[in-house]
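Peer 1: Following is a predicted model, sequence given first.
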Amino acid sequence: MFDVEGYILVGGASRRMGRDKAQLVLGGWTFVERIANELSFVASSVSLVGARNDFPSLKNIPDVHEHWGALGGIHAALTAAETDWVVVVACDLPFVTIQLFDHLKNYADDTLDAVVPIQADGRPQPVCALYRRGTCLPEIDNLVAAGEHTPRALLANVRTRYVEFVELCDLPAAEHFFFNVNSPADLKKAQAILPRQ
């Protein structure tokens, strides 16, 4: 198995939530702690992307392009990385697991530049995905220069393996992997999901 570095995106504004999503607590752990714990089993290191210092146990990587959204976060992770591949996860996906990361990692090889899961609703999830540094970083530089802000544009321009949900659904708790906590109502749903995991 090859080495990957893990990066948790924590730079969002959390407008709909009304408070910092990275600091939300579920089952006695912050979202960041939950995700970092799962990532630590598959990644050689785990870092945060977004200017902050409230998680002293984790290295923090500042954005290179501020206010550039998820694409900017992916760019910062790839810029900081020393491994050829990185796994990037948004901090508002508290139910990701080692099994999910391991499964996605199995698809990464020299013929690909990105490995991106597809949610049960058919949408790709680019902020819980693997990216190859050597090809994705220069492509993001080109996109930023063109004023593009979306990871979707990156995925269209590199060799992307989309992992269909049917390829993931047999993993434990797969139905919750991509539950995105964006609002207080979502947090209540997440708290209800936790005992059923």
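Peer 2: Arrived safely, thanks for sending.
Peer 1: what are the pairing partners of the helix or strand bottoming out on mean pLDDT in the chain, and which direction each?
Peer 2: Least confident helix or strand, the chain: strand 59-61 with a mean of 89, by mean pLDDT, DSSP states H and E. Here strand 59-61 has these sheet partners by DSSP bridges: strand 46-49 (parallel).
Peer 1: Mind listing residues that contact the strand it pairs with?
Peer 2: Residues outside strand 46-49 that contact it (Cβ atoms under 8 Å, 6 or more residues apart in numbering) are 5-11, 22, 32, 36, 39-40, 55, 58-61, 63, 73, 76-77, 80, 88. In this view, the C-beta of every residue, glycine as well, is placed from N, C-alpha and C.
Peer 1: just how off-centre is that strand within its chain?
Peer 2: Relative to its chain's centre, strand 46-49 lies at 10 Å (Cα atoms, centre = their mean, to the nearest Å).
Peer 1: again, but for stretch 22-40
Peer 2: 13 Å.
Peer 1: Is the residue nearest the centre of the chain in a helix, a strand, or coil?
Peer 2: In the chain, the C-alpha nearest the mean C-alpha coordinate belongs to Val89, at 1.3 Å (Cα atoms, centre = their mean). At Val89 the chain is in strand, as set by DSSP: H, G, I helix; E, B strand; the rest coil.
Peer 1: so what's it bridging to?
Peer 2: Bridge pairing for Val89 - DSSP bridges - gives Ile8, Cys128.
Peer 1: Select only the buried ones of the contacts of strand 46-49 in ChimeraX?
Peer 2: Selection of buried members from the contacts of strand 46-49 for ChimeraX, criterion 16 or more other Cβ atoms under 10 Å:
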select :5,6,7,8,9,10,11,22,32,36,39,55,58,60,61,63,73,76,77,80,88
